[in-house]
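Novice: coords please:
(one chain, ligands or ions: 2)
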Amino acid sequence: MSASVEIKSLSKVFARQETNGTLQALDNINLSVPAGEFITLLGASGCGKSTLLRIIAGLEVPTFGEALFNGEGIRGTDSKRGLVFQEHTLFNWLTVRGNIEFALKSARRHAAKKSEVDSWLELAGLSEFANNFPHQLSGGMRQRAALVRALSVSPEVLLLDEPLGALDSFTRMSLQDELMRLWQERRNTMIMVTHDIDEAIYLSQRIVVMSPRPGRIAKVLEVPMSYPRNRAADDYTALRTQILKFMDFARDEQEEYII
Ligand SMILES: Nc1ncnc2c1ncn2[C@@H]1O[C@H](COP(=O)(O)OP(=O)(O)OP(=O)(O)O)[C@@H](O)[C@H]1O
Ligand SMILES: [Mg+2]
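Specialist: Ligands and ions are numbered 1, 2, ... in the order given. Next up, the predicted model:
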């Protein structure tokens, strides 16, 4: 199962207590994500990527405009929209196994089979750490645990906020392959935030390049290559160069919107 997401004329303004002013985090965002698409939001720090994802998750409300899930206005959180936070948030009082079991039980209202939980632990490369608590793991391990916990319940839309950010490049590439495999199997809608141009090209069907202050969509690019993608191919490197140009352009265009 997967679902569509639509963002219509959406803006988000935050109050700034320090100056009694405001900060426009997002300005007139329009984006239509069809069910089953893998799309990434790419842009420099502060351009509103997490804010947009949190609005789709139902954790923030837009100041203007709206966000729709399967054509209906998003109000609050829903297990059909899974979110992996930028700061991976596992339950600290549960072990890695306990975190996965808890997610599966909450989504299905019955306990998962041990063998299923075992296979998620294996995918995360955490079988040997199943009984560890989050504070006993490395940052990368926590991130892997948070990612498989979200994947395990197979939400209709998976919102990923830099889910592989703290990983070394080898682990990162192998989890990119796992993400790809799971998406091709289940075709849930994937909306992923990343700073990493290569990751965006490797995984997504479309790349939304955002520019900061205020957060705007600078360009939406199609990635016309078939999967699995070859990171060394000419069209891959050509697209990387093109995106870099758009990101530079986006920087030149930015205005100061902090009042
Ligand atoms: N709750 C909040 N209150 C006030 N300002 C906020 C809040 N959340 C975000 N902002 C501001 O909105 C802007 C966009 O923040 P956001 O976290 O969405 O950026 P981002 O693109 O995810 O950045 P990064 O790549 O560093 O994670 C920033 O200037 C930030 O300071
Ligand atoms: Mg962010």
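Novice: show the contacting residues for Leu158.
Specialist: Residues in contact with Leu158 (C-beta atoms under 8 Å, 6 or more residues apart in numbering) are Gly82, Val84, Ala150, Leu151, Asn188, Thr189, Met190, Ile191. Quick note: C-beta positions are derived from backbone N, CA and C, even for glycine.
Novice: how about the stretch 1-150 of the chain: which residue is closest to ligand 2?
Specialist: When distances are taken as C-beta to the ion, the stretch 1-150 of the chain reaches nearest to ligand 2 at Ser50, 3.1 Å away.
Novice: who does the closest residue to Phe38 other than its chain neighbours form a beta bridge with?
Specialist: Beyond its immediate neighbours in the sequence, the residue positioned closest to Phe38 (C-beta to C-beta, 6 or more residues apart in numbering) is Met190, lying 4.3 Å away. Beta bridges link Met190 to Phe38, Leu158, judged by DSSP bridges.
Novice: got any ranges where the stretch 101-250 of the chain has weak pLDDT?
Specialist: Across the stretch 101-250 of the chain, the stretches falling below the confidence threshold (pLDDT under 70) are 249-250.
Novice: flag every residue of it that's near ligand 1.
Specialist: Within the stretch 101-250 of the chain, not a single residue sits near ligand 1 (C-beta under 6 Å from any ligand atom).
Novice: and the strands in the stretch 101-250 of the chain?
Specialist: Under the criterion DSSP state E, counting those that start in this stretch, the stretch 101-250 of the chain carries strands at the ranges 157-161, 189-194, 206-211, 216-222.
Novice: sheet-wise, list the partners of the last one with their directions.
Specialist: Spelled out, that is strand 216-222. Sheet neighbours of strand 216-222, with direction, are listed as strand 206-211 (antiparallel) (DSSP bridges).
Novice: next one: the partner strand to chain centre, how far?
Specialist: The chain centroid and the centroid of strand 206-211 are separated by 13 Å under C-alpha atoms, centre = their mean, to the nearest Å.
Novice: count the residues that sit near Asn188.
Specialist: By the measure other C-beta atoms under 10 Å, the count of residues near Asn188 is 22.
Novice: surely it meets Val157?
Specialist: Yes - taking C-beta atoms under 8 Å as the contact criterion, Asn188 and Val157 are neighbours in contact, 6.6 Å apart.
Novice: first-to-last residue distance for stretch 75-87?
Specialist: Separation of the first and last residues of stretch 75-87 by C-alpha to C-alpha, to the nearest Å is 23 Å.
Novice: report all helices and strands that the lengthiest helix in the chain contacts.
Specialist: Ranked by residue count and defined by DSSP state H, the top helix of the chain is helix 234-253. The helices and strands touching helix 234-253, judged by 3 or more C-beta pairs under 8 Å, 6 or more residues apart in numbering; DSSP states H and E, are strand 38-43, helix 197-203, strand 206-211, strand 216-222.
Novice: residues touching that helix, excluding its own?
Specialist: Taking contacts as C-beta under 8 Å, 6+ apart, the residues outside helix 234-253 that touch it are 42-44, 197-198, 200-201, 207, 209-212, 218-219, 221, 223-225, 229-230.
Novice: buried subset of these?
Specialist: Among these, those classed as buried by 16 or more other C-beta atoms under 10 Å are 42-44, 197-198, 200-201, 207, 209-212, 218-219, 221, 223, 229.
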